[in-house]
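K.L.:
turn this into a structure:
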Amino acid sequence: MIGEQDRKSHTRLMHSCVNPIFEKSTRAMMKELLRLTQKTCLYFEVQTDTIIPSVFHELVHIRSRRFPHFLDRKWDHERFVSEDARKKQEEDIKNKVDNCLRDPLDEVESPFALCFTTRRMLSEAKIVKNARIVVVGASDTSISFIEALLSISYLKFTSIVFIAPGGLPHNHFAEKHENLKSYSTSYTNEELKKLMLESRVRVINARMVDIDRSDKNIILHDDSVIPYDTLILGMGIQDKTLNSLGYASRGIATPGKLLRADQILSIDDPHLYQHLRTGGTLINTLTDKKRVKNCVIYGRTLSTYCCIQGLIQRGVKPSQIILAIP
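P.N.:
Numbering: from 1, shown residues only. Predicted coordinates:
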């Protein structure tokens, strides 16, 4: 965008409030706004506490790019700043230019999601796709598929349903050390927040139990029926250790002859974070100083050690945790 647009043709949208009567003319108003300000490119930053405005659906979401290092600190190297760049920064601070205090070489991930549009893109009407697309499972494949659809600038999908048992992964914990299981490196917790899937598609916290291929419907665990035109199944790999022993996890239905025990949990239980929440029954039992009880964790994967760390952060003493390595 920097190469295609003039340096002085970029601007940032801070606030937006449109009367619902004129929402159908949002694109025309944004084009006129760019014309009056003599700009060609408009940006909008979505912070964690930002209320999504009605003009958001006319913008194109930019995928966040990760720095080529894994440490949450700056690189230990010398940086050369030219005299012209230093003078330009001082001039911007003196003139109070928008975002003049930001360091373009800070090597820190941006805490916001970025959206943009241009005058040319506003002049081209989006093709509306009303096909009912249902995606089942909160795996990396499902999330990347939805992201790919929403990244097409000339298409507007009006009916994307995302069925994720237990909800989206980034809603389960606020800090990294509170995590109970390992995730792949495809999406970090911050990147999932920046995707803002809750504001762009319909997210249903439910579990699919059956598929009616003749009528193109899927049946959820509460007997709800979701129709579809295109069905994407991306449940990912799930642990089956309990099933092989004839048991089902606490938050999973018991199909067939599987037994259920209240104190047995699978790492892939969709309600794992709800069962092991701070102040919940299980955590209160493990943190009770009068009646000391142990917790046995079986496995040898990375999720095993993440679960141990999550329990310690929730107040469980390390002496009460028994690790069984197969």
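K.L.:
going forward, measure contacts and count neighbours with C-alpha atoms only.
P.N.:
OK.
K.L.:
all helices for the stretch 201-326 of the chain, in order.
P.N.:
Secondary structure of the stretch 201-326 of the chain, counting by DSSP state H, counting those that start in this stretch: helices at 241-244, 272-275, 281-286, 302-313.
K.L.:
relative to C41, which of the ones you listed is closest?
P.N.:
Distances from C41 to each of the helices of the stretch 201-326 of the chain were compared by CA to CA, and the smallest falls on helix 272-275, at 42.2 Å.
K.L.:
show me what the lowest-mean-pLDDT helix or strand in the chain is packed up against.
P.N.:
Of the helices and strands making up the chain, the lowest-confidence element is strand 259-260, at a mean of 73, by mean pLDDT, DSSP states H and E. For strand 259-260, the packing partners by 3 or more CA pairs under 8 Å, 6 or more residues apart in numbering; DSSP states H and E come out as strand 247-248.
K.L.:
S9 and Y43: what is the separation?
P.N.:
11 Å (CA to CA, to the nearest Å).
K.L.:
go on, T118?
P.N.:
Using CA to CA, T118 is found at 9 Å from Y43.
K.L.:
before we move on, back to that, looking at S9 and Y43, which one has more neighbours?
P.N.:
Per other CA atoms under 10 Å, whichever of S9 and Y43 has more neighbours is Y43, with 18 against 14.
K.L.:
ok but that one is inside a helix, no?
P.N.:
No: the assignment for Y43 is strand, going by DSSP: H, G, I helix; E, B strand; the rest coil, so no helix is present there.
K.L.:
just send the helices of the stretch 201-326 of the chain back as CSV, with mean neighbour count and mean pLDDT too.
P.N.:
Compiled in CSV, those are given as follows (neighbours: other CA atoms under 10 Å; pLDDT from 0 to 100):
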stretch, mean neighbour count, mean pLDDT
helix 241-244, 14, 78
helix 272-275, 18, 85
helix 281-286, 16, 87
helix 302-313, 18, 90
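K.L.:
mind checking which of the ones you listed is nearest A131?
P.N.:
Nearest to A131 among the helices of the stretch 201-326 of the chain is helix 272-275; the distance by CA to CA comes to 33.4 Å.
K.L.:
show me how far that closest one is from its chain's centre.
P.N.:
19 Å (CA atoms, centre = their mean, to the nearest Å).
K.L.:
show residues contacting it.
P.N.:
The set of residues external to helix 272-275 that reach it, using CA atoms under 8 Å, 6 or more residues apart in numbering, is 172, 180, 251, 265-266, 280-282.
K.L.:
who touches both of T118 and Y43?
P.N.:
Common neighbours of T118 and Y43, using CA under 8 Å, 6+ apart, do not exist here.
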